[in-house]
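[1] give me a 3D structure for the following:
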Amino acid sequence: MVKFNGEYHVFYQYYSDATYWGPMHWGHVKSKDLTHWERLPVAIHPDEQDDGCFSGSAIVHDGKLWLLYTSFKKNDGGVSERQLQALASSDDGIHFFKHGIVIGEEDLPEGYCPWSFRDPKLLRINGMFYCFVAAKKREGKGRILLYKSSDLFKWTFVCDVTDMDSGGKMIECPDYCTQLNLLTYSEQFQPHEGSAHLNIHSSFAHFGSFDFSKPFVPDSKRQIVDYGFDFYASQTFADEPIMIGWLGMWDRNYPCSKYGFAGMLTVPRRLSRSGDELIQTPVYDAKKICEKSVKGKLLDHISAGAIRLDIKDLRAFDLKMRKSGDEYARFTLAGNEWVFDRSHAGARIVGVEEDDDSLAGIRRMPYRKSETDTVEIVFDLFSVEIFVNGKALSSTLYPDPSADTLELAIDCDGCTYSRYEIE
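    All right, here's what the predicted structure looks like:
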């Protein structure tokens, strides 16, 4: 994710030959407003240098667009694989030239695995380039390593950013938002803690302090970035606290192949901080086409676009979305938590999770009552992203594309409902 020549560019993992995971390319889109996107040619692809071009990041330097990505070499598999960091550049932001490996096996500290070393995140601080890279210790778990460079080609190891093993087996896609001093990362095979996070792979955030010379110091508790079924591998723009994540999850079936695509990205989210809480607000350019006061019940129709509810003194909330007959997704308030249920929302999505909520198609998000609550929901044909007072819950759904009924039953002192259409 990078802003280049006044436009937002987003690159994503992509396999050009089929609707399933394969040798990774970098897909490429750009936008002027973070809502309307233009598809561009594949930026980089496997060749004699790389068996796969795994995740990375981008930066603008000397008028060029530079990509730092993980060059994957399959070899014989297992510990003989290599994941090393390679550089590419472009004058026009479309056609890229590969420069080869710039952070190699010899640049790893002793005791770290060159077969689990990926997802470099580039930043520039006071004229110096820095790079966070997900890594793993031999006989250990996930770590984040920091490197620095004056020219993007020669890199020096600085420190282990977390200086401790992750809870899961491996960290992926580290990101640091300098405006908020916010470190985010995803963890593979993170053990769940009650019903706090049940996805077998989860994304977390820490606020803290970091001087780019020694380990990051958290100043608040670890937070879940998104409470839904499908959120992973998020990144932010270097010059704006705006995040986009992968709207999907490993180790699940993918009904999307029926519709000719593989995976999605989330709506962009503007990030801020309130006390110790991470606040996320969806970013989209849309026209308000409806506003009304709701008393008791509401019936409307939407399959793509957004709605917003501003609610005074909320007591009960029951929303059915993408409804057609007995098919719908449901979002309800149950005491001090929100409950999202996609078990009746079309094609069944299952994964390796075996807890009761996952098997029932349920995810939960904490609710802290306030005088006025804001519920904002962004719909696409195969996804729903819910934001309540800054917390987020995102999930894919695969109902019939024509299923568009929305039914709300609410008990409160006042509710304004607005619907938005993305033109």
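
[2] in the protein, where's the longest strand?
    strand 112-125 (DSSP state E).

[3] roughly how far apart are Gly346 and Gln190?
    Going from Gly346 to Gln190 by C-beta to C-beta, to the nearest Å gives 28 Å. The way it works is simple: take the backbone N, C-alpha and C, and place the C-beta from them, glycine included.

[4] more crowded one of those two?
    Ranked by neighbour count (other C-beta atoms under 10 Å), Gly346 and Gln190 place Gln190 first, with 22 against 19.

[5] pretty sure that one is in a helix, no?
    No - counting by DSSP: H, G, I helix; E, B strand; the rest coil, one finds Gln190 to be coil, located in no helix.

[6] what sits against the residue nearest to it when sequence neighbours are not counted?
    Excluding the flanking residues, the one nearest Gln190 by C-beta to C-beta, 6 or more residues apart in numbering is Gly168, at 3.6 Å. Contact analysis of Gly168 by C-beta atoms under 8 Å, 6 or more residues apart in numbering lists Lys141, Gly142, Glu187, Gln188, Phe189, Gln190, Pro191, His201, Ser202.

[7] give me the beta-bridge partners of the fourth one?
    Which is Gln188. Gln188 has these beta-bridge partners by DSSP bridges: Met170, His201.

[8] I'd assumed Lys141 was in contact with it.
    No - counting by C-beta atoms under 8 Å, Gln188 sits too far from Lys141 to count as a contact (9.5 Å).

[9] so what sits against both of those two?
    Between them, Gln188 and Lys141 share the contacting residues Gly168, Lys169, Met170, judged by C-beta under 8 Å, 6+ apart.

[10] what's the neighbour count on the last one?
    Neighbourhood size, Met170 [other C-beta under 10 Å]: 20.

[11] which SSE is the most centrally placed residue in the chain in?
    Closest residue to the average C-alpha location of the chain: Gly245 at 1.8 Å, with C-alpha atoms, centre = their mean. Assessed by DSSP states H and E, Gly245 sits inside strand 240-246.

[12] which elements pack onto that strand?
    strand 7-14, strand 170-177, strand 232-237, strand 269-274 (3 or more C-beta pairs under 8 Å, 6 or more residues apart in numbering; DSSP states H and E).

[13] for the stretch 1-150 of the chain, which spans come out with low pLDDT?
    Nowhere does the stretch 1-150 of the chain drop to pLDDT under 70.

[14] where do the strands of it begin and end?
    Under the criterion DSSP state E, counting those that start in this stretch, the stretch 1-150 of the chain carries strands at the ranges 2-4, 7-14, 25-31, 37-40, 52-61, 64-73, 82-90, 97-103, 112-125, 128-137, 142-149.

[15] how far does the first one sit from the chain's center?
    Averaged C-alpha coordinates place strand 2-4 at 18 Å from its chain's average position (C-alpha atoms, centre = their mean, to the nearest Å).

[16] each with direction, which strands does that strand pair with?
    Checking strand 2-4 against DSSP bridges gives partners strand 7-14 (antiparallel).

[17] same check on the last one?
    Within its sheet, and counting by DSSP bridges, strand 142-149 is paired with strand 128-137 (antiparallel), strand 156-160 (antiparallel).

[18] run the angle between the first one and strand 64-73 for me.
    Right, the one you point to is strand 128-137. Between strand 128-137 and strand 64-73, the angle comes out at 20 degrees (axes from the mean of the first three to the mean of the last three C-alpha atoms, to 10 degrees).

[19] go through strand 128-137 and flag the buried ones.
    Under the neighbour-count criterion of 16 or more other C-beta atoms under 10 Å, strand 128-137 has Phe129, Tyr130, Cys131, Phe132, Val133, Ala134, Ala135, Lys136, Lys137 buried.

[20] now for the third one: which residues touch it?
    Under the criterion of C-beta under 8 Å, 6+ apart, the contact list for Cys131 reads Leu68, Gln85, Ile103, Pro120, Lys121, Leu122, Leu123, Leu146, Tyr147, Lys148, Ser149, Trp155.

[21] got a list of what the residue nearest to the fifth one when sequence neighbours are not counted touches?
    Leaving aside its sequence neighbours, Lys121 sits nearest to Phe132 (C-beta to C-beta, 6+ apart; 4.3 Å). Contacts for Phe132 were tallied using C-beta under 8 Å, 6+ apart; they are Pro120, Lys121, Leu123, Ile144, Leu145, Leu146, Val161, Pro174, Asp175, Tyr176.

[22] which one among those residues gets closest to Val352?
    Pro174 (24.0 Å; C-beta to C-beta).

[23] from Glu421, how far off is that closest one?
    In terms of C-beta to C-beta, Pro174 sits 37 Å off from Glu421.

[24] which residues in the stretch 301-423 of the chain form helices?
    356-359 (DSSP state H, counting those that start in this stretch).

[25] re the thing from before, what residues does the strand holding Gly245 touch?
    By C-beta under 8 Å, 6+ apart, strand 240-246 touches 1, 3, 10, 12-13, 34, 175, 177, 179-180, 182, 184, 203, 225-226, 230-236, 263-272, 280, 283, 394.

[26] for ChimeraX, what selects the buried ones among these?
    Selection of the buried residues among the contacts of strand 240-246 in ChimeraX, burial being defined by 16+ other C-beta under 10 Å:
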select :1,3,10,12,13,34,175,177,180,182,184,203,225,226,230,231,232,233,234,235,236,263,264,265,266,267,268,269,271,280,283,394
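
[27] okay, now the residue lying closest to Val339 once chain neighbours are set aside: neighbour count?
    Residue nearest to Val339 in three dimensions, not counting chain neighbours: Thr332, with 5.1 Å by C-beta to C-beta, 6+ apart. Other residues near Thr332 come to 15 when the count uses other C-beta under 10 Å.

[28] thanks a lot, catch you later.
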